[in-house]
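[1] 3D model of this:
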Amino acid sequence: RAGYGELELSTCRPGQQSDRSYDDRLTVDGTINPERSYAHLTDRFHLAGGPCSIRTAHPRGFRYLLIDVQGTGEFRIASLSALEENYPFCLIPRNFGDPGLNRLYEKSAETLRVCTTDAFTDCASRERVQWTQDNYLANRVAFFAFGDTAMMRRAVFQAAQNALPDGRINGFFPSERTNCAFASSSLLWLHQLVDYQELADPDDLQRLLPTARRLLDFLRSLQDSEGLISGWPAGQFWDWAPIEDSGCLLITNAVYQWALARLSVHPAFCEHLETPDFARLPLLRQATNARFWDPDRKLYRDAIPDSGLSAIYSQQANIMAALSGICPAHESRALLLRIINPGILGPVPVGEQIMDRENRPSPEKLIPLGTLWFAHFLRESLFESGLPDEALDQMRRLWSVYDDLPNLPETRIQHGNTTLCHAWSAGPAYLLQKYHPASGMTSEDAVTSRQPMRSATSLKTASSRSRKYEAVESTILSSSAGSGRPYIAG
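    Residues are numbered from 1 along each chain as shown. Purely as a prediction, here's the structure:
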């Protein structure tokens, strides 16, 4: 749940201290470790004594709640509840003719719903901020699973309002930090701009075009003699995995060229953005293919490595080569079938694993996906390449691992700071609606399900609608400084 924990005490003693810790998992001892994440999700309350009601000042996300009481005297709980606060989405029911896919659709949509307030948030716990790259999926799930475009509008406009002076789109917003203005946030914002045009049918698109022009000008300033993006001022960040993250990357160039292809089919963008890269797109694809394709391995490299280093190969780079059109269409199916062969995959990355320059991955194995976030692009590329059976098989393989969880996690293997409820893993709710033949969604449905844009004021009002959940049983895990008198669960 995401919201406010409410604790009603029938009695307590002056000077007692009540700490409340929150998490989506338990330790091996069956308790909560509030230091597992850098966020240290614990609230401390100093009690005045007598009956009282304790509610957090800010919303928290949690599956488990630990109440730790310190001080002498009686501490009696009358009731324990959670007041949930999320955006009031209403799920569009669908039947895909497969109970497992039906559950996955609902779980994916629920994962996104939990990760909302009056805006999208990356997760229900930890920082709870609106990451730009995550919104690529959040916007689509909001539309396809809930028929909502108001949150999409807010996300696209807020990202534009928080663009940096050089044209980049910040990684999250509002924020004064610029070290998270990743390549992924800027390039996927361009894709969100196209989605806003196609799905929301807006009458205010013109207001976003100056931001798009500045970003395209910035991207051209990074191009080398062949027109490829040669680097990035901050990190490029594409996945929690030990993939290449600096210099001229295939993934960054692929996502840019994919954005150009999507923008170029709309007259509104072609007429007003005025970038020569629309006309140069075939040449950019050819240059990228020539630079990164390894004919001996029949795979794309992540990057051209520095002198003395071996090239590395990842599912991530090859997926984007297929999805963006860098890999010729008649070869993309064979490429995708090759990279989903378990025999060529290395170990799954653990937690928030990134490139370790002292211990580079072996070039002999393909670096696998580290997150369900990037697994979305694998499934999308399979569907787009005419491999629907393989797309559904990968969906079942990668997502069914988490059937015992109420939501979908941040990384495939959890470690350290990661969370078990993350919005960027909600892709099946979009892909099943768009591609599965049993969904019943047609292009006409997509148009008629558009909802009128809601103002910022009505968004705020809608997000404050809450649901209250009462605890059926209360178990107190406590430590005491003193009396030995019992803690009584109401």
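
[2] and the most centrally placed residue in the chain, what does it touch?
    The centroid of the chain falls nearest to Trp424 when counting by Cα atoms, centre = their mean (2.2 Å). Going by Cβ atoms under 8 Å, 6 or more residues apart in numbering, Trp424 touches Asp122, Trp131, Gln133, Asp134, Leu137, Ala138, Thr371, Leu372, Trp373, His376, Glu410. Placement of C-beta: from N, CA and C, glycine included.

[3] isn't the second one right up against Gly171?
    Yes: between Trp131 and Gly171 a contact is recorded at 6.2 Å, counting by Cβ atoms under 8 Å.

[4] what residue ranges in this protein score low on pLDDT?
    439-490 (pLDDT under 70).

[5] could you name the helices and strands sitting against the host helix or strand of Arg397?
    Following DSSP states H and E, one finds Arg397 within helix 388-399. Under the contact criterion of 3 or more Cβ pairs under 8 Å, 6 or more residues apart in numbering; DSSP states H and E, helix 388-399 touches helix 99-114, helix 372-384, helix 428-435.

[6] need the ones you listed in a markdown table (columns: mean neighbour count).
    Below are the helices and strands packed on helix 388-399 laid out as a markdown table (neighbours: other Cβ atoms under 10 Å):
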| stretch | mean neighbour count |
| --- | --- |
| helix 99-114 | 21 |
| helix 372-384 | 24 |
| helix 428-435 | 23 |
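
[7] need those in JSON lines with distance to Pro295, can you?
    Listed next are the helices and strands packed on helix 388-399 as JSON lines, based on distance: least, Cβ to Cβ, whole Å:
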{"stretch": "helix 99-114", "distance to Pro295": "38"}
{"stretch": "helix 372-384", "distance to Pro295": "21"}
{"stretch": "helix 428-435", "distance to Pro295": "32"}
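
[8] which residue ranges of the stretch 1-150 of the chain form strands?
    2-11, 17-23, 42-46, 52-55, 60-61, 64-70, 75-85, 130-131 (DSSP state E, counting those that start in this stretch).

[9] contacting residues around the third one?
    Contacts with strand 42-46, where a contact means Cβ under 8 Å, 6+ apart, come from Gly15, Gln16, Gln17, Ser18, Asp19, Arg20, Ser21, Tyr22, Pro34, Ile54, Thr56, Arg60.

[10] who's in contact with the last one?
    This means Arg60. Contacts of Arg60 (Cβ under 8 Å, 6+ apart): Ala2, Gly3, Tyr4, Gly5, Tyr22, Leu41, Asp43, Ser125.

[11] and it, how far is that from Asp24?
    11 Å (Cβ to Cβ, to the nearest Å).

[12] same question, Lys365
    Taking Cβ to Cβ, one finds Lys365 at 31 Å from Asp24.

[13] which one of these two has more residues nearby?
    More neighbours surround Asp24 than the other of Lys365 and Asp24, with 25 against 15 (other Cβ atoms under 10 Å).

[14] could you report the separation of the more buried one from Gln315?
    As for Asp24, its distance to Gln315 is 27 Å (criterion: Cβ to Cβ).

[15] next: Arg126.
    26 Å.

[16] between those two, which one's more packed in?
    Each of Arg126 and Gln315 had its neighbours counted (other Cβ under 10 Å), and the higher figure belongs to Gln315 (26 against 20).

[17] wait, doesn't the more buried one sit right on Leu336?
    No: Gln315 lies out of contact with Leu336 (Cβ under 8 Å); the separation is 9.7 Å.

[18] who touches both of these two?
    Common contact partners of Gln315 and Leu336 (Cβ under 8 Å, 6+ apart): Leu378.

[19] tell me which residues touch the closest residue to Trp293 other than its chain neighbours, please.
    If the residues on either side of it in the chain are set aside, Trp293 comes closest to Tyr300, at 5.8 Å by Cβ to Cβ, 6 or more residues apart in numbering. Listed by Cβ under 8 Å, 6+ apart, the contact partners of Tyr300 are Leu250, Phe292, Trp293, Asp294, Tyr313, Ala317, Asn318, Ala321, Ile326, Cys327, Leu335.
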